[in-house]
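J.: Below are the sequence and a predicted model for it; my questions follow.
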Amino acid sequence: MITVTVCVGSSCHLKGARDVIERFSKLLAEHDLTDKVELKGSFCMERCGEGFNWQIDDEPLTSTTCEDAVEVLRSRVPGAASAAGADDEDPGRQEDLP
Ligand code: FES
C-alpha cells in the first residue's frame, strides 16, 4: 500500500491542495488503484513556502501546480500513468504512444 498525503493546511489550501486531492482521487479511481494507494489529508506539514506540500509515503514533495503534482504522481505510482485513450486533461501525452 502506497500512502499519498496532501497537506490541507491553510497555506497549501490556498495554493490549490483541494483541487489536487480531487485530481488524485479521480486519477486513482480511473486506474483502479484505490485499493493500492491510500489518499489522505494532513494538517500543516510545517513546510509552508512556494507551492503546496504533499508526500508519497515518507518522501516530501512540493508542487506549484496541480498538473505538476499529477505528473509526479503518475511517474511515481505504478499503474497510474495514462493509458491510450485515457479521458484526462492531457491529450499531448498520447503523442508518445505507439
Ligand atoms: S499549510 Fe501546508 S505545509 Fe503548511
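T.: That came in fine, so what should we check first? Numbers count the residues shown, from 1 in each chain.

J.: only C-alpha atoms for contact and neighbour calcs from this point on.
T.: Will do.

J.: F52: neighbouring residues, count only.
T.: Other residues near F52 come to 27 when the count uses other CA atoms under 10 Å.

J.: For it, give its distance to D19.
T.: In this view, F52 and D19 are 11 Å apart by CA to CA, to the nearest Å.

J.: Helix, strand, or coil at E38?
T.: With DSSP: H, G, I helix; E, B strand; the rest coil as the basis, the three-state label of E38 is strand.

J.: Can I get the lengthiest helix in the chain in PDB, CA atoms only?
T.: Among the elements of type helix in the chain, defined by DSSP state H, the one spanning the most residues is helix 17-30. In PDB, the C-alpha atoms belonging to helix 17-30 read as follows (Å, rounded to 0.1, in the frame of the first residue of the first chain):
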ATOM      1  CA  ALA A  17      -4.400  21.500  -2.400                       C
ATOM      2  CA  ARG A  18      -8.100  20.800  -2.600                       C
ATOM      3  CA  ASP A  19      -8.000  20.600  -6.400                       C
ATOM      4  CA  VAL A  20      -5.000  18.300  -6.200                       C
ATOM      5  CA  ILE A  21      -6.900  15.900  -3.900                       C
ATOM      6  CA  GLU A  22      -9.800  15.800  -6.300                       C
ATOM      7  CA  ARG A  23      -7.500  15.200  -9.300                       C
ATOM      8  CA  PHE A  24      -5.600  12.500  -7.400                       C
ATOM      9  CA  SER A  25      -8.800  10.800  -6.300                       C
ATOM     10  CA  LYS A  26     -10.100  10.800  -9.800                       C
ATOM     11  CA  LEU A  27      -6.800   9.500 -11.300                       C
ATOM     12  CA  LEU A  28      -6.600   6.700  -8.700                       C
ATOM     13  CA  ALA A  29     -10.200   5.700  -9.400                       C
ATOM     14  CA  GLU A  30      -9.700   5.800 -13.200                       C
END
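
J.: so how far is that helix from its chain's centroid?
T.: 6 Å (CA atoms, centre = their mean, to the nearest Å).

J.: got the contact list for it?
T.: By CA atoms under 8 Å, 6 or more residues apart in numbering, the surrounding residues in contact with helix 17-30 are 6-8, 34, 37, 39, 52, 66, 69-70, 73, 80.
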